[in-house]
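Student: next come a sequence and a model predicted from it.
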Amino acid sequence: MIEFQGVTLGYAGRELLSDVTMKLPAGSFHFLTGPSGSGKTSLIKLCYGEMTPGAGRVEVFGQDLGQLGRNATAQMRRRIGIVHQDCQFLDHLPLAENVALPLHVAGHEADDTSLEELLAWVGLSGQAGALPPALSGGERQRAALARAVITSPDLILADEPTGNVDWEMSLKLLRLLTELNRMGKTVLVATHDMNLIRAAKPQVQARVLRIQGQKLQLAGADL
Amino acid sequence: MKHRLARLRLRINHGLALLTGNPRADRVVPPSGHTAMLTSLTAGAMAFLAVFALALSLATGRLAERWSGALAKSATVRISAPAEQIDRQTSKVLEVLETTPGIEFARALTEDEIRALLEPWLGPDLPVDSLPLPQLVEITEADQGFDADGLRLRLQAEAPGAVLDDHVRWRMPLISSANRIRSLGLFSLILIGGATAAMITLATQAALAANGQVIRTLRLVGAEDSYIARAFVRRFTLRALIGALVGAAFGTLAVALMPAAAEEGAFLTGLGFSGSQWAWPLAIPVMAAIVAFVATRMAAFRTLRTVR
Ligand SMILES: Nc1ncnc2c1ncn2[C@@H]1O[C@H](COP(=O)(O)OP(=O)(O)OP(=O)(O)O)[C@@H](O)[C@H]1O
Ligand SMILES: [Mg+2]
């Protein structure tokens, strides 16, 4: 589903990832962890083409992202549910429209009842009409997760989806992700919350990837 | 062929969708408030100026046509000679003219006619008999025209006092300056179009820059460039269209309120439209909309390329 071959990435002289090779099979569930600033967000951005590697290649759905044109990149992203670390909403549109946005840009209409269900699932039923800037950090994160899953994408990339929410809500969001994984979706969650990773253990067969010293290690033993 | 037709139909549908609009695609870009007014205002001012440039071009075009049309068909031979020779030279001249190809008709003016011609300058009580008036011969040219230089040589040989005036001497500078003004008018129209395109491009770029977050978010959820561009393109096209409609309407009104053209179409009072030319200003808002459409689209796609 996602394949890195000899991927190198750096900003202005500072290397974040060097010669990273990995393969996430379809239907798998991975956590991505590592110290703050180690490059988790950057690695996720590589997976949907917001960043391009300095060397090596990134393949998603069997397509080399370096070869995709702009429209093909857009089409590819419609198959990925992305939770951006800074959420990123259209601040002038109410929450419900923001959550339904991936459907609209793909030319589909949102089904009102499933939209309501989804908002209820992330605990935002009451806020459907609120503008994103008027929401708390945790509410925004939940909304971002709802937006990421509304198209029922094959691949879910979530960057710190539980960074700002209480433990109970974290577990609830984790539950949503593991349910989706059970339905066959591939999931990659960046987090530095070890408790969350531990809590996932009974629900799903998850593996843990750790960025350390510009390398990606499979830290299955951490579970 | 079929393929091309289908593409054309798609284009037309796109164009219609631009007018009817996709409310949702429009809403993804936040409203821009007073800067929108500035775009319309500039488009309106440009359209107002364009009406005048257009009127100038059309009026000078008419003028040049009238001068080259009416005057080209006539010429005059003036015979100044001692009184005892004048009749002989006149009949020689008429003989020469009759055998010159390209001259349809030649006639010596009568004394009364000459007097009438001079009256405005010299007054009615002109003692014609005591003045050595020149004889005038009026020539009507055939369609193919005549060889003025050849005729001059022959006239010189036959009647030394005869001078051919084919009006070229004073007609040519007038026609060429009319044509020059006309070119300037057309050039002004091109400049106005270019300035409008530049203004719309700048406004679009400012709008795109102000909406970086919107663009990044839309790209994140899989929007294609055309989806994002549409909201901007539609907005700026409509603003330019509405602004230019108002501007062109005021411009046309201003031209219509100019004093009516004098009998002979004196140059300044002749500035305006005639007959079906009144429909021309309608083309200005349409052109403004097309210019805005193309400029916004190009600016949008260029800017969007910088966002992954
Ligand atoms: N656009 C950028 N330009 C320059 N440097 C950047 C840019 N984006 C990230 N970096 C740097 O790259 C490093 C890794 O950033 P990244 O956001 O990937 O880390 P992270 O592992 O997600 O951290 P966190 O856990 O705090 O979210 C940081 O040191 C950051 O300063
Ligand atoms: Mg991060």
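Tutor: Everything's here; your move. Ligands and ions are numbered 1, 2, ... in the order given.

Student: what are the ranges of the helices in chain A?
Tutor: Counting by DSSP state H, chain A has helices at residues A:40-47, A:70-78, A:95-99, A:101-105, A:112-121, A:137-149, A:167-182, A:194-200.

Student: could I get these as a markdown table with distance to chain B?
Tutor: In short, each C-beta sits where N, CA and C put it, glycine included. Listed next are these as a markdown table, based on distance: least, Cβ to the nearest Cβ, whole Å:
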| stretch | distance to chain B |
| --- | --- |
| helix A:40-47 | 9 |
| helix A:70-78 | 4 |
| helix A:95-99 | 8 |
| helix A:101-105 | 4 |
| helix A:112-121 | 14 |
| helix A:137-149 | 7 |
| helix A:167-182 | 17 |
| helix A:194-200 | 23 |
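
Student: closest one to residue B:163 among these?
Tutor: helix A:70-78 (76.0 Å; Cβ to Cβ).

Student: now do the buried residues in the closest one.
Tutor: For helix A:70-78, a neighbour-count test (16 or more other Cβ atoms under 10 Å in any protein chain shown) marks A:70, A:73-74, A:76-78 as buried.

Student: contacts for that helix?
Tutor: A:48-49, A:60-61, A:63, A:65, A:68, A:102, A:105-106, A:151, A:153, B:219-225, B:304-305, B:308 (Cβ atoms under 8 Å, 6 or more residues apart in numbering or on different chains).

Student: buried subset of those, written for ChimeraX?
Tutor: In ChimeraX, a selection of the buried entries from these looks like this (16+ other Cβ under 10 Å):
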select /A:48,49,60,65,68,102,105,106,151,153 /B:219,220,221,222,223,224,225,304
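
Student: quick one: contacts of the lowest-mean-pLDDT helix or strand in chain A?
Tutor: In chain A, no helix or strand scores lower on mean pLDDT, DSSP states H and E than strand A:215-218, which sits at a mean of 83. Identification of contacts with strand A:215-218 by Cβ under 8 Å, 6+ apart yields A:4, A:17-20, A:22, A:43, A:207-211.

Student: can you give the domain ranges for the chain?
Tutor: Using chain A here. For chain A, the structural domains run A:1-79+A:154-223, A:91-152, going by automatic domain parsing.

Student: my question was about chain B
Tutor: The record assigns chain B these domain ranges, following automatic domain parsing: B:23-68+B:172-304, B:81-160.

Student: the first one vs ligand 1: in contact?
Tutor: In other words, domain B:23-68+B:172-304. No. Against ligand 1, domain B:23-68+B:172-304 shows no contacts by Cβ under 6 Å from any ligand atom, the least distance being 12.3 Å.

Student: mean confidence for that domain?
Tutor: Average pLDDT, domain B:23-68+B:172-304: 85.

Student: and what of the last one?
Tutor: Across domain B:81-160, pLDDT averages out at 81.

Student: residues near residue 118, how many?
Tutor: You didn't pick a chain, so chain A it is. Residue A:118: 23 surrounding residues under other Cβ atoms under 10 Å in any protein chain shown.

Student: right idea, wrong chain: chain B
Tutor: 14.

Student: quick check: it is in a helix.
Tutor: Yes. With the criterion set as DSSP: H, G, I helix; E, B strand; the rest coil, the secondary structure at residue B:118 is a helix.

Student: all helices for the stretch 201-308 of chain B, in order.
Tutor: Secondary structure of the stretch 201-308 of chain B (DSSP state H, counting those that start in this stretch): helices at B:212-220, B:225-256, B:283-304.

Student: against ligand 2, how distant is residue A:82?
Tutor: 13 Å (Cβ to the ion, to the nearest Å).

Student: swap in residue A:15?
Tutor: From residue A:15 to ligand 2 the distance is 17 Å (Cβ to the ion).

Student: just checking, that residue touches residue A:38?
Tutor: No. In this structure residue A:15 lies outside contact range of residue A:38 using Cβ atoms under 8 Å: 11.6 Å.

Student: so which of these two has more stuff around it?
Tutor: residue A:38 (19 against 13).

Student: spatially nearest residue to that one (excluding sequence neighbours)?
Tutor: Leaving aside its sequence neighbours, residue A:38 sits nearest to residue A:211 (Cβ to Cβ, 6 or more residues apart in numbering or on different chains; 4.3 Å).

Student: next, count neighbours for that neighbour.
Tutor: Neighbours around residue A:211, by other Cβ under 10 Å: 22.

Student: list the contacts for it?
Tutor: A:17, A:32-35, A:38-40, A:43, A:217.

Student: what sits against the residue nearest to residue A:50 when sequence neighbours are not counted?
Tutor: For residue A:50, ignoring the flanking residues on the chain, the nearest one in space by Cβ to Cβ, 6+ apart is residue B:308 at 4.9 Å. Counting by Cβ under 8 Å, 6+ apart, residue B:308 touches A:49-52, A:73, B:219.

Student: try residue A:47
Tutor: Residue A:47 neighbours (Cβ under 8 Å, 6+ apart): A:2, A:58, A:60, A:80, A:157, A:188.

Student: among those, which one lies nearest to ligand 2?
Tutor: residue A:157 (11.9 Å; Cβ to the ion).

Student: would you agree the closest one is in contact with residue A:85?
Tutor: No. If you go by Cβ under 8 Å, residue A:157 and residue A:85 don't touch, sitting 10.7 Å apart.

Student: so for these two, which residue has more residues nearby?
Tutor: Set residue A:157 next to residue A:85 and count neighbours by other Cβ under 10 Å: residue A:157 wins out with 25 against 17.

Student: so the more buried one bridges to which residues?
Tutor: Legend: beta-bridge partners of residue A:157 under DSSP bridges are residue A:82, residue A:188.

Student: in chain A, what residue is nearest ligand 2?
Tutor: residue A:41 (3.1 Å).

Student: how many neighbours does that residue have?
Tutor: Residue A:41, neighbours per other Cβ under 10 Å, totals 20.

Student: shouldn't residue B:135 be in contact with residue B:108?
Tutor: Yes. Between residue B:135 and residue B:108 there is a contact at 6.2 Å, judged by Cβ under 8 Å.

Student: overlap of the contact sets of the two?
Tutor: What both residue B:135 and residue B:108 touch, as defined by Cβ under 8 Å, 6+ apart, is the set residue B:90.

Student: so where's chain A uncertain?
Tutor: A:220-223 (pLDDT under 70).

Student: buried ones among the contacts of residue A:211?
Tutor: A:17, A:32-34, A:38-40, A:43.

Student: output stretch B:197-217 in CSV with nothing but the alpha carbons.
Tutor: Taking Å, rounded to 0.1, in the frame of the first residue of the first chain, the C-alpha atoms of stretch B:197-217 are listed here in CSV:
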residue,chain,number,x,y,z
ALA,B,197,-5.8,41.9,-18.0
ALA,B,198,-2.9,43.1,-15.9
MET,B,199,-5.2,44.5,-13.3
ILE,B,200,-7.3,41.3,-13.1
THR,B,201,-4.1,39.2,-12.9
LEU,B,202,-2.8,41.3,-10.0
ALA,B,203,-6.2,41.1,-8.2
THR,B,204,-6.4,37.4,-8.8
GLN,B,205,-2.9,36.8,-7.5
ALA,B,206,-3.6,38.9,-4.4
ALA,B,207,-6.8,36.9,-3.8
LEU,B,208,-4.9,33.6,-4.2
ALA,B,209,-2.1,34.8,-1.9
ALA,B,210,-4.7,35.8,0.7
ASN,B,211,-6.3,32.4,0.5
GLY,B,212,-3.2,30.2,0.9
GLN,B,213,-4.8,28.2,3.7
VAL,B,214,-8.0,27.6,1.7
ILE,B,215,-5.9,26.3,-1.2
ARG,B,216,-3.8,24.0,0.9
THR,B,217,-6.8,22.6,2.6
